[in-house]
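Engineer: Turn this into a model:
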Amino acid sequence: ERVPETNFYRRLKEALDLDFLYPMTKVYYGSSGQKSIDPIVFFKLCLVGYLENVTSDRKLVDHCSLRLDILYFLGYDIDEELPWHSTISRTRQLFPEAVFEEVFTKVFGMCVEKGMVSGHTQAIDSAPVKANASMDSLELKVPEEELGEHLKRVRHMSSMDREVPFRKSKGNRADKEQRGITASQKELDAIASRNRKWAKDQDQRPGAGNKGSKYTSNKTHYSPTDPDARISVKPGKARKLNYLSQLTVDTANHVITDIKAYHADGKDNQQLPDIVERVQRRLWKEGLLWENCVADTGYSSGENYALLEQKGLKSFIPPHGTYKGGPENFIYDQNEDHYVCPQGKVIPFTKEFLDGRTQTRKKEYRARKHVCVGCPIRSSCLGRSAQEKKFSVTYYREEYQRNIERVNGPQGRYMKGKRQSTVEPVFGTLTQFMGLRKINTLGLAQANKAMQLSAIAYNIKKYLKFSGKRTKSGAGSIVLHNCMENVLHKSICFLFGTIKMSGNTFV
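Structural biologist: Numbers count the residues shown, from 1 in each chain. Below you'll find the model as predicted:
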């Protein structure tokens, strides 16, 4: 009675039905022994933690016990004792990722039913989230018996690597594969060279911003505390052990359609196929059609453009610097697969290869030596030493060009602004106000659960605030533009007598 009708948690209790968790989690409960925490109470407690931005389980229980509205939401009376804080962390480890994803899908379905999700345009972005591991506990990726030899051969020795880490971890959770070094000699030499440039004295704490800090890399170091955490860095910031959060947001009302944790040393363009597969499947189950995929340059690759076209999606992803089209003033013949130079000479296709530096597929075009002999523009075209014209072109040239045309068009400029105003503010909200500033668990699976819970809390808050107002959407403006074009075309045709009357209708 003390909780008002308009209270957030009273409204949330009426809107959120989690009874489907009982049959889903029944296999994880025994039939004897002390009664464990109710699965619905567990998920509600977790949601309160992310809604209130309280990430500590101990503080969460204390916080909930002081709030009448939260006790009412959990189904506890004022004199009932809440579950012990350690039970929450143990249950979080017990339930698999599939259970957390099912709760996310349930809340997402509620948003769809309320008309909050359009589905036609999805914005994708990524951001590092700090892991629960310290840079001071990093250890070298070498067997113990080879440590001294490796240090002498690869890098300048520092007292930190000669002795024990600055902060020794309690236990080593890394497997043998993670502890062993996998970098090639070329990569190790590059790291040694970078260390020389950084400073002569490497005895400072790793990850510090000063000139004497030690250069650390995933090739040579690992975290024994959390082996799934990876060293990553943003320009102007210190190196940290992070996870990478990949987020997909619907542009209509900023509802999160997908979120997942990845290793922080992975590239965005490598993870896009997995993201697209999950998002398209989830939207399809809700009866929504996905049309536009909007992302930044980090997701650019020819393989991704081809994949999106194969799935019937229009990409609005600015091309990366690795893209290579044909030379200027050279005309491409698609039927014959060759180029024609400004002097009318044919430059035929010779081979397909994989670029050793960028690991991208390319096609080589090369003219015979006699073709360029006596050419009036030979010196400007070939340079001093070359004997014949040779150049490489990105394998997915046509997919790149179609994407570039979309990106540079009016719809592409609109989509760029839409992405910046959609997915980036959502990330800011999750990290600052929804408990995603730092992952307090260990391991990739546990990090994924934390991100799922944060996204569920965000969507729930959106759901309860949504009032059904009409929102500005790019799809509406595009449809209106096409309708106006059709009307104008018919009007012009009618004025010039190209439309004939048939009864009372126009043909």
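Engineer: for the record, mean pLDDT for whichever strand or helix holds Arg278?
Structural biologist: Using DSSP states H and E, Arg278 falls within helix 268-285. The average of the pLDDT scores along helix 268-285 is 91.
Engineer: Same question for stretch 114-127.
Structural biologist: Model confidence over stretch 114-127 averages 90 on the pLDDT scale.
Engineer: now do the same end-to-end measure for it.
Structural biologist: Between the start and the finish of stretch 114-127 there is a gap of 29 Å, counting by C-alpha to C-alpha, to the nearest Å.
Engineer: List the buried residues for that stretch?
Structural biologist: Residues of stretch 114-127 classed as buried: 114, 116-127 (neighbour count, 16 or more other C-beta atoms under 10 Å). In short, each C-beta sits where N, CA and C put it, glycine included.
Engineer: Okay, and which of the residues you listed map to strands?
Structural biologist: Among the buried residues of stretch 114-127, the members falling in strands are 121-127 (criterion: DSSP state E).
Engineer: before we move on, the earlier item: could you list every helix and strand that the helix holding Arg278 packs against?
Structural biologist: Under the contact definition 3 or more C-beta pairs under 8 Å, 6 or more residues apart in numbering; DSSP states H and E, helix 268-285 sits against strand 121-130, strand 240-250, strand 256-263, helix 302-310.
Engineer: quick one: it to chain centroid distance?
Structural biologist: Taking C-alpha atoms, centre = their mean, to the nearest Å, one finds helix 268-285 lying 10 Å from the centre of the chain it belongs to.
Engineer: likewise stretch 293-307?
Structural biologist: The gap between the average C-alpha position of stretch 293-307 and the chain average comes to 12 Å, counting by C-alpha atoms, centre = their mean.
Engineer: List the contacts of that stretch.
Structural biologist: With C-beta atoms under 8 Å, 6 or more residues apart in numbering as the contact definition, stretch 293-307 has outside contacts at 121-126, 251, 267-269, 272-273, 276, 308, 313-320, 323, 360-361, 394-397, 399-400, 402-403, 415-416, 418-419.
Engineer: Can you say which of these are buried?
Structural biologist: In the contacts of stretch 293-307, burial by neighbour count holds for 121-126, 251, 268-269, 272, 276, 308, 313-320, 323, 360, 394-397, 399-400, 403, 415, 418-419, counting by 16+ other C-beta under 10 Å.
Engineer: shouldn't Leu47 be in contact with Ile456?
Structural biologist: Yes: shown here, Leu47 and Ile456 form a contact pair, counting by C-beta atoms under 8 Å, at 6.4 Å.
Engineer: Looking at those two, which one has more neighbours?
Structural biologist: Using other C-beta atoms under 10 Å, the more surrounded residue of Leu47 and Ile456 is Ile456, with 27 against 22.
Engineer: so the more buried one is in which element?
Structural biologist: With secondary structure defined by DSSP H and E, Ile456 is part of helix 444-465.
Engineer: Could you give the separation of that helix from the chain centroid?
Structural biologist: Relative to its chain's centre, helix 444-465 lies at 15 Å (C-alpha atoms, centre = their mean).
Engineer: and that helix, what other elements does it pack with?
Structural biologist: Under the contact rule (3+ C-beta pairs under 8 Å, 6+ apart), helix 444-465 is packed against helix 8-15, helix 39-51, helix 85-94, helix 97-113, strand 240-250, strand 256-263, helix 410-433.
Engineer: now the stretch 151-300 of the chain, which segments are flagged as low pLDDT?
Structural biologist: Using pLDDT under 70 as the threshold, the predicted model of the stretch 151-300 of the chain has low-confidence ranges 151-215, 236.
Engineer: for it, what spans make up the strands?
Structural biologist: 221-222, 230-232, 240-250, 256-263, 292-294 (DSSP state E, counting those that start in this stretch).
Engineer: so which of those strands gets nearest Thr6?
Structural biologist: With C-beta to C-beta as the measure, strand 256-263 is the member of those nearest Thr6 (25.3 Å).
Engineer: how big is the angle separating that closest one from helix 444-465?
Structural biologist: Orientation note: strand 256-263 sits at an angle of 160 degrees relative to helix 444-465 (axes from the mean of the first three to the mean of the last three C-alpha atoms, to 10 degrees).
Engineer: Name the residues that touch strand 256-263?
Structural biologist: When contacts are defined by C-beta under 8 Å, 6+ apart, strand 256-263 is touched by residues 104, 108, 117, 122, 126, 129, 228, 230, 243-250, 271, 274-275, 278-279, 282-283, 426, 439, 444, 447-448, 450-452, 454-455, 458-459.
Engineer: now that strand and strand 121-130, what's the angle there?
Structural biologist: Inter-element angle recorded for strand 256-263 and strand 121-130: 40 degrees (by the same axes, to 10 degrees).
Engineer: so what's Ala133 scoring on pLDDT?
Structural biologist: On pLDDT, Ala133 comes in at 86.
Engineer: In contact with it, which residues?
Structural biologist: With contacts defined as C-beta under 8 Å, 6+ apart, Ala133 is in contact with 223, 225-226, 229, 241, 442.
Engineer: 6 Å - rerun?
Structural biologist: When contacts are counted by C-beta atoms under 6 Å, 6 or more residues apart in numbering, Ala133 touches 223, 225-226, 229, 241.
Engineer: Residue ranges in the stretch 401-507 of the chain under the pLDDT threshold?
Structural biologist: 468-507.
Engineer: hmm, 90 instead?
Structural biologist: Across the stretch 401-507 of the chain, the stretches falling below the confidence threshold (pLDDT under 90) are 401, 412, 418-424, 427-428, 431-443, 465-507.
Engineer: coming back round to it: report the buried residues of the helix holding Ile456.
Structural biologist: Of the residues in helix 444-465, those with enough neighbours to count as buried (16+ other C-beta under 10 Å) are 444, 446-463.
Engineer: Alpha carbons only: can I get that helix in PDB?
Structural biologist: Output of helix 444-465 as PDB, limited to C-alpha atoms (Å, rounded to 0.1, in the frame of the first residue of the first chain):
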ATOM      1  CA  LEU A 444      34.100 -14.500 -21.700                       C
ATOM      2  CA  ALA A 445      30.800 -16.400 -20.900                       C
ATOM      3  CA  GLN A 446      30.300 -14.500 -17.600                       C
ATOM      4  CA  ALA A 447      31.100 -11.100 -19.400                       C
ATOM      5  CA  ASN A 448      28.400 -11.900 -22.000                       C
ATOM      6  CA  LYS A 449      25.900 -12.500 -19.200                       C
ATOM      7  CA  ALA A 450      26.700  -9.200 -17.700                       C
ATOM      8  CA  MET A 451      26.200  -7.400 -21.000                       C
ATOM      9  CA  GLN A 452      22.900  -9.200 -21.600                       C
ATOM     10  CA  LEU A 453      21.600  -8.100 -18.200                       C
ATOM     11  CA  SER A 454      22.600  -4.500 -18.800                       C
ATOM     12  CA  ALA A 455      20.800  -4.500 -22.200                       C
ATOM     13  CA  ILE A 456      17.700  -6.100 -20.600                       C
ATOM     14  CA  ALA A 457      17.600  -3.300 -18.000                       C
ATOM     15  CA  TYR A 458      18.000  -0.700 -20.700                       C
ATOM     16  CA  ASN A 459      15.200  -2.100 -22.800                       C
ATOM     17  CA  ILE A 460      12.900  -2.500 -19.800                       C
ATOM     18  CA  LYS A 461      13.400   1.200 -18.900                       C
ATOM     19  CA  LYS A 462      12.700   2.100 -22.500                       C
ATOM     20  CA  TYR A 463       9.600  -0.100 -22.500                       C
ATOM     21  CA  LEU A 464       8.000   1.500 -19.400                       C
ATOM     22  CA  LYS A 465       8.800   5.100 -20.600                       C
END
